[in-house]
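A.B. asks: Next one to model:
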Amino acid sequence: MAFQALRGTTDLLGDGLRRWSAVEHAVRRLARVAGYREVRTPVIEDAALFLRSVGETSDIIQKEMFRFEDRGGHDIVLRPEGTASVVRAYLEHNLHKTEGFVKLVYLGPMFRAERPQAGRFRQFHQYGVEAIGSSSPWVDVDVITLCVTILQELGITDVTLWIASMGCRDDQRRSAEALRARLAPERDKLCKECQSRFDKNVFRVLDCKNPACRATAWKSKASPFLLCDACTAHFDQVRQGLRQAGVAFDDTQVFARGLDYYTRTVFEVRAAGLGAQDAVAAGGRYDHLVEDLGGPSLGAVGFAAGIERVLMAQEKGSAAANGAPPRAGFYLALAQPALAGEGFKLIQQLRAKGVTAQMDYDGKSLKAQLREADKMGCRLVAVLGENEIKQGTITLKDLEQGAQETLQLSALVDRMSQQLKAACH
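C.D. replies: Next comes the predicted model:
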C-alpha cells in the first residue's frame with residue numbers, strides 16, 4: 001500500500017504551488033513596501049508560551065494544540081499561532097532595547113489538532129504581521145490597511161471588514177461582570193463547556209462553536225464590551241484613520257476575538273462565498289502581551305491570514321485565479337539529440353540573464369518536445385538544428401500570441417533577457 005499524506009495535511013505542487021508562491025510573493029513585497037521586515041520562528045515552542053499568552057480556557061489550549069514531552073522531559077508544542085512566537089523572539093533578541101518599535105512579517109505553518117474540513121487543516125499556513133512597541137491608533141490603521149491591501153492585490157475584493165473594540169483590561173473586567181449578570185438567568189441553556197467558562201472566562205461563551213450558546217450570548221444584539229473614554233477615543237481615531245485611508249469597514253457587527261491577549265481594536269475580514277468559515281484574515285491590538293511574556297509595557301497590534309482560506313477565496317471570486325496561468329519562460333527544442341551540448345550552453349546563457357529556460361535531456365522526438373513545452377506552459381519556443389547553427393539564425397515562436405519571427409542566433413540571449421524574465425512552470 002502506497003503511503004499518503006496524513007489527514008489534515010496536504011502536498012503542494014503544480015498549479016497549486018504556483019498560486020501559493022504568488023501569495024507569498026505578494027505578501028513579502030507589500031509588507032516590505034509598508035516597512036515590515038521578515039522574521040522566522042521555530043515550529044516547536046515551549047508549551048508555557050501559549051498557556052500564558054493564548055489563555056488556558058481557549059479552544060486552542062483545551063482541544064487543539066499538538067502537545068508532547070520531548071526526550072528531555074520538556075513540555076513542547078507545535079506552534080498553533082504566530083503572534084506569541086514573534087513576541088517571544090522580539091524579547092529574546094532584545095529588540096525592545098535596541099530598536100523599540102518594530103514592524104515584522106512572518107509566513108509559515110501552524111498546527112492545530114482539530115477536525116479537518118473545508119478551510120481547516122491540522123497543518124495549515126498563515127502569513128501575518130506584528131507591529132510592536134506603539135499604542136498609537138495609527139498603527140492599528142497601518143496594520144488593517146496592509147491586511148486589506150494584500151487581499152486586494154490577490155484579487156479578493158468581495159470582502160467585508162468588521163472592526164470593533166474589546167476595550168482595555170479594566171473595561172474587560174467590567175464587561176465580564178455585566179455579561180455574567182446578563183447570562184446568569186440562562187446559564188442552564190449553555191453547553192457544559194460554556195457553563196465551565198462562565199466563571200473562568202465568560203468571554204469564551206461569545207465565540208463558542210455551539211450555535212445555541214452564541215445565540216444566547218448575543219441575544220441583546222449589542223456589544224458586550226463597555227468602553228472607557230480613552231478606549232472610545234482610541235477606537236474613534238482608528239475609524240477616522242481608516243476613512244481617511246479609503247478603507248471601507250462595518251462597525252455595526254458584534255463579535256469578539258477568542259484569544260486572551262486582545263485589547264481594544266479587533267477586526268476580521270470576511271470573504272463572500274466561503275460559507276460558515278468565511279474569515280480569511282483577522283487580528284487586533286494586544287497591549288499587554290509583551291509585558292505578560294516578561295518584557296516592558298508596550299503596545300502592539302497585528303493580524304494573521306490563512307493561506308488556504310485565501311486560496312479558497314481566490315477560487316470563489318477571482319477571475320485571474322480561475323483562469324489558466326499566463327504562459328512564461330522559454331523552451332529550446334533540439335532537432336537532433338547530438339546538439340544537447342550546444343543547446344545546454346545556450347540555455348545557460350539565458351539563465352544567466354534571468355530568463356527561465358528549459359530543454360529536453362532525453363532525446364525525445366521534436367513533436368514530443370513541443371508538446372512538453374506546451375504542457376509546461378512555456379511562452380516562447382525555438383528549434384535548434386544543424387541548419388540554425390550553420391546559418392546563425394533561429395526562429396522564435398510565441399505560443400501565447402501565435403506569432404513567430406526569425407532572428408540572429410547571437411542576438412537571442414539579449415532579446416530574451418529583455419522580453420522574458422518570468423518563471424516557467
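
A.B. asks: ranges for the strands of the stretch 151-300 of the chain?
C.D. replies: For the stretch 151-300 of the chain, the strands defined by DSSP state E, counting those that start in this stretch cover 159-165, 263-271, 279-285, 300-306.

A.B. asks: Which strands or helices does the last one pack on?
C.D. replies: Pointing back at strand 300-306 there. Judged by 3 or more Cβ pairs under 8 Å, 6 or more residues apart in numbering; DSSP states H and E, the packing partners of strand 300-306 are helix 83-92, strand 123-132, helix 137-153, strand 263-271, strand 279-285. In this view, the C-beta of every residue, glycine as well, is placed from N, C-alpha and C.

A.B. asks: run the last query once more with 10 Å
C.D. replies: On a contact count with 3 or more Cβ pairs under 10 Å, 6 or more residues apart in numbering; DSSP states H and E, strand 300-306 meets helix 83-92, strand 102-111, strand 123-132, helix 137-153, strand 263-271, strand 279-285, helix 289-292, helix 307-317.

A.B. asks: Starting from it, tell me which strands it pairs with and how they run.
C.D. replies: Applying DSSP bridges to the sheet, strand 300-306 is found paired with strand 123-132 (antiparallel), strand 279-285 (antiparallel).

A.B. asks: Please state the offset of the longest one from the chain centre?
C.D. replies: Centroid separation for strand 123-132 versus its chain: 6 Å, with Cα atoms, centre = their mean, to the nearest Å.

A.B. asks: so where is this structure shaky, pLDDT-wise?
C.D. replies: Applying pLDDT under 70 to the chain picks out residues 1, 55-63, 115-119, 220-221, 274-277, 317-326, 419-425.

A.B. asks: and it, what are its domains?
C.D. replies: As assigned by automatic domain parsing, the chain contains the domains 14-167+227-321, 330-419.

A.B. asks: re the thing from before, of the strands paired with strand 300-306, which is nearest Asp360?
C.D. replies: Closest to Asp360 of the strands paired with strand 300-306 is strand 123-132 (Cβ to Cβ; 34.8 Å).

A.B. asks: quick check: angle from the closest one to helix 83-92?
C.D. replies: Angle, strand 123-132 to helix 83-92, by axes from the mean of the first three to the mean of the last three Cα atoms, to 10 degrees: 50 degrees.

A.B. asks: Please identify the buried residues of strand 123-132?
C.D. replies: Buried positions in strand 123-132, judged by neighbour count with 16 or more other Cβ atoms under 10 Å: 123-132.

A.B. asks: Turn those residues into a markdown table, including distance to Ala340.
C.D. replies: As requested, the buried residues of strand 123-132 are exported to a markdown table (distance: Cβ to Cβ, whole Å):
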| residue | distance to Ala340 |
| --- | --- |
| Gln123 | 41 |
| Phe124 | 44 |
| His125 | 40 |
| Gln126 | 44 |
| Tyr127 | 42 |
| Gly128 | 47 |
| Val129 | 48 |
| Glu130 | 51 |
| Ala131 | 53 |
| Ile132 | 55 |
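
A.B. asks: before we move on, which element is the closest residue to Thr149 other than its chain neighbours in?
C.D. replies: Distance criterion Cβ to Cβ, 6 or more residues apart in numbering; nearest residue to Thr149, sequence neighbours excluded, is Leu30 at 6.0 Å. Using DSSP states H and E, Leu30 sits in helix 14-33.

A.B. asks: so after that helix, what's the next helix or strand?
C.D. replies: Taking DSSP H and E, what comes next after helix 14-33 is strand 37-38.

A.B. asks: strand partners of that next one, parallel vs antiparallel please.
C.D. replies: strand 102-111 (parallel).

A.B. asks: how far off helix 307-317 does the partner strand point, in degrees?
C.D. replies: Interaxial angle, strand 102-111 versus helix 307-317 (the same axes, to 10 degrees): 90 degrees.

A.B. asks: Would you mark the buried spots in stretch 162-174?
C.D. replies: 162-168, 171-172, 174.

A.B. asks: In the chain, which residue is most central in space?
C.D. replies: Nearest residue to the geometric centre of the chain (Cα atoms, centre = their mean): Tyr127, 3.0 Å.

A.B. asks: Tabulate the CA atom coordinates of stretch 272-287 in CSV.
C.D. replies: Taking C-alpha atoms only, stretch 272-287 is exported to CSV below (Å, rounded to 0.1, in the frame of the first residue of the first chain):
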residue,chain,number,x,y,z
ALA,A,272,-18.2,36.1,0.3
GLY,A,273,-18.9,32.6,-0.9
LEU,A,274,-17.0,30.7,1.7
GLY,A,275,-19.9,29.6,3.9
ALA,A,276,-19.5,29.4,7.7
GLN,A,277,-15.7,29.5,7.5
ASP,A,278,-15.7,32.9,5.8
ALA,A,279,-13.0,34.7,7.8
VAL,A,280,-9.8,35.0,5.7
ALA,A,281,-7.9,37.3,7.9
ALA,A,282,-8.2,38.6,11.5
GLY,A,283,-6.3,40.4,14.2
GLY,A,284,-6.3,43.1,16.7
ARG,A,285,-4.4,45.0,19.4
TYR,A,286,-2.6,43.3,22.3
ASP,A,287,-1.3,45.9,24.6
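
A.B. asks: Distance from it to the middle of the chain?
C.D. replies: 12 Å.

A.B. asks: What of stretch 219-229?
C.D. replies: With Cα atoms, centre = their mean, you get 30 Å for stretch 219-229.

A.B. asks: Also stretch 146-158?
C.D. replies: 11 Å.

A.B. asks: So for that stretch, what gets flagged as buried?
C.D. replies: Buried-residue list, stretch 146-158, by 16+ other Cβ under 10 Å: 146-151, 154-156.

A.B. asks: Distance of the residue nearest to the centre of the chain relative to Arg173?
C.D. replies: Tyr127 sits 34 Å away from Arg173 when distances are taken as Cβ to Cβ, to the nearest Å.
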